[in-house]
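A.B. asks: pasting a predicted model and its sequence here:
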Number of protein chains: 2
Amino acid sequence: MPRDHGRSPHHAETEETRRAILHAARDLFTKLGYRAVTTRMVAEASGVKQPLLYYHFADKEALYLEVQREHTAASQAALERIAARQNASVPERLRDVVHYLRQTHQQNMGLLFHEMRHEMSPQMQNALRNLFQTRIVEPITAIFEDGIRSGFLRSPAAGGISARMGTYLLLSSSSNLSTMASREDETSQSSVFGKEREAIDAIVHTLMYGMVDHTTVEPEHVP
Amino acid sequence: MPRDHGRSPHHAETEETRRAILHAARDLFTKLGYRAVTTRMVAEASGVKQPLLYYHFADKEALYLEVQREHTAASQAALERIAARQNASVPERLRDVVHYLRQTHQQNMGLLFHEMRHEMSPQMQNALRNLFQTRIVEPITAIFEDGIRSGFLRSPAAGGISARMGTYLLLSSSSNLSTMASREDETSQSSVFGKEREAIDAIVHTLMYGMVDHTTVEPEHVP
DNA sequence: CCTACCGATCGGTAGG
DNA sequence: CCTACCGATCGGTAGG
């Protein structure tokens, strides 16, 4: 029986196993990153023997790519729905974007980029870059572009930053959010969930309005 | 001859070798992270055989800790000097902070935190957390506190964010800067150096004044 | 400061 | 879908 790497699921059981592997792999990869996850960890978490992974997927990179394909496809659908809500304000949509990404175990951006550059084959790098760019970055960038077009956000020509840079600032800030939130107050009694919502609101609000107190000093418009 | 792990350098040559190992290790760790650097890579880059590392350092973690001790000590000195420049404005000092961290191969924050949580022993985690907190975070936080005290920045009580959260936003934003800057314009003719300065200015400016266009719409003070 | 080497673990394959 | 196993590489040690 030749290896078809899951392209033609003849048995429903075979496809079920493939789904189990993908599900376990997704949880592990998003929590631990690419390098730290071993094929044996994925096998154990999905209840199969390790060599079976190579019946369903060509190698570890192919498994990772398939995980990312499914993950980013779901994210794209959700992010485009949020971006299209023209009745909601720009900050409201951005807050929902961050909240969605957090809910769905968004990956550590710094770790993701590092591994793309240092642990993956060139083809893999390109494939992942494209997925991330078209399915995550672009839907979010559309929200910032809305804001610039409507005059709510400063245009780059008027000393503002580009919609894409806004997206990267939002993603960078929110990707280390759990680290920040856990340090934010050591004497917390409130739930982690509540703290996280507050932190998301604070990040979006800061990105929109900045930290400067306009009630005391007039903003110095440094270009 | 007992292993003293470099605590009592009897020969000048021995100490020189130790310095070479630390220098090579620092370059590799900051570029590739803890896990991806092998003891054999450090040995080759410093011109010694791999087992010699274990004469100067107890193990890989001890070597990493010593690298971080020296690295953060130098950073602390520089950051405190910048923070103390009361004649410079808050945004000017923050810009110099980011510029300094970039110059001295600042590490990828997302990668650093991930490895602290998942690749290090508990003792190591605590040691690194303390170094990072007291030598990097606190000097930068002092600048934000200056800004809040002087009324330039909104206080947390007035709907602003804490000085520490400002620090984490600054560090998160600047730590993925090279990734952002490289995507920012694909048709660039200008030098990478110039692009990076512009990106740093844009990050600090956004953190201070936000992306909202105050000349068109009055800022909606959402708490 | 080196040669020689260890046990563990990795991604992946053979063969059924 | 499994058992059995591979070559490579890892952090670390023995012994001089």
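C.D. replies: Now that the structure is in, tell me what you want to look at.
A.B. asks: from here on, just use CA atoms for contacts and neighbour counts.
C.D. replies: Noted.
A.B. asks: does residue A:203 touch residue A:175 like I think?
C.D. replies: No: if you go by Cα atoms under 8 Å, residue A:203 and residue A:175 don't touch, sitting 11.2 Å apart.
A.B. asks: more neighbours, those two?
C.D. replies: Neighbour tally, residue A:203 and residue A:175, criterion other Cα atoms under 10 Å in any protein chain shown: the higher count belongs to residue A:203, 25 against 22.
A.B. asks: for the more buried one, give me its contacts.
C.D. replies: When contacts are counted by Cα atoms under 8 Å, 6 or more residues apart in numbering or on different chains, residue A:203 touches A:170, A:173, A:174, B:169.
A.B. asks: can you pull the pLDDT of it?
C.D. replies: Note on residue A:203: pLDDT of 97.
A.B. asks: likewise the one 5 residues further on?
C.D. replies: Per-residue confidence for residue A:208 comes out at a pLDDT of 98.
A.B. asks: that one: neighbour count?
C.D. replies: Residue A:208 has 24 nearby residues by other Cα under 10 Å.
A.B. asks: what does the one 5 residues further on give?
C.D. replies: As a burial measure, the neighbour count of residue A:213 was computed by other Cα under 10 Å and equals 22.
A.B. asks: could you check how far it is from residue B:85?
C.D. replies: 21 Å (Cα to Cα, to the nearest Å).
A.B. asks: could you point out the longest helix of chain A?
C.D. replies: In chain A, assigned by DSSP state H, the helix with the most residues is helix A:60-83.
A.B. asks: and the contacts of that one?
C.D. replies: By Cα under 8 Å, 6+ apart, helix A:60-83 touches A:22, A:25-26, A:29, A:34, A:39, A:57, A:93, A:96-97, A:100-101, A:120, A:124, A:127-128, A:131-132, A:135-136, A:139-140, A:142-143.
A.B. asks: after the helix or strand bottoming out on mean pLDDT in chain A, which helix or strand is next?
C.D. replies: One helix or strand of chain A scores below all others by mean pLDDT, DSSP states H and E: helix A:177-184, with a mean of 69. Per DSSP states H and E, the first helix or strand lying C-terminal to helix A:177-184 is helix A:192-209.
A.B. asks: which parts of that next one are buried?
C.D. replies: Of all the residues in helix A:192-209, those buried under the rule 16 or more other Cα atoms under 10 Å in any protein chain shown are A:195-196, A:199-209.
A.B. asks: and stretch A:134-151, by the same measure?
C.D. replies: Going by 16+ other Cα under 10 Å, stretch A:134-151 has these buried residues: A:135-148, A:151.
A.B. asks: and that stretch, is it in reach of chain B?
C.D. replies: Yes: residues of stretch A:134-151 contacting chain B under Cα under 8 Å from any Cα of the partner chain: residue A:151.
A.B. asks: what's that stretch in contact with?
C.D. replies: Contacts for stretch A:134-151 (Cα under 8 Å, 6+ apart): A:72-73, A:75-76, A:79-80, A:83, A:90, A:93-94, A:97, A:153-155, A:163-164, A:166-168, B:213, B:216-217.
A.B. asks: and residue A:30, how many neighbours does it have?
C.D. replies: Residue A:30 has 19 nearby residues by other Cα under 10 Å.
A.B. asks: same question for residue A:123.
C.D. replies: 9.
A.B. asks: go on, residue A:156?
C.D. replies: 12.
A.B. asks: and the angle from whichever strand or helix holds residue A:91 to helix A:192-209?
C.D. replies: Following DSSP H and E, the helix or strand that holds residue A:91 is helix A:90-103. Helix A:90-103 runs at 140 degrees relative to helix A:192-209, counting by axes from the mean of the first three to the mean of the last three Cα atoms, to 10 degrees.
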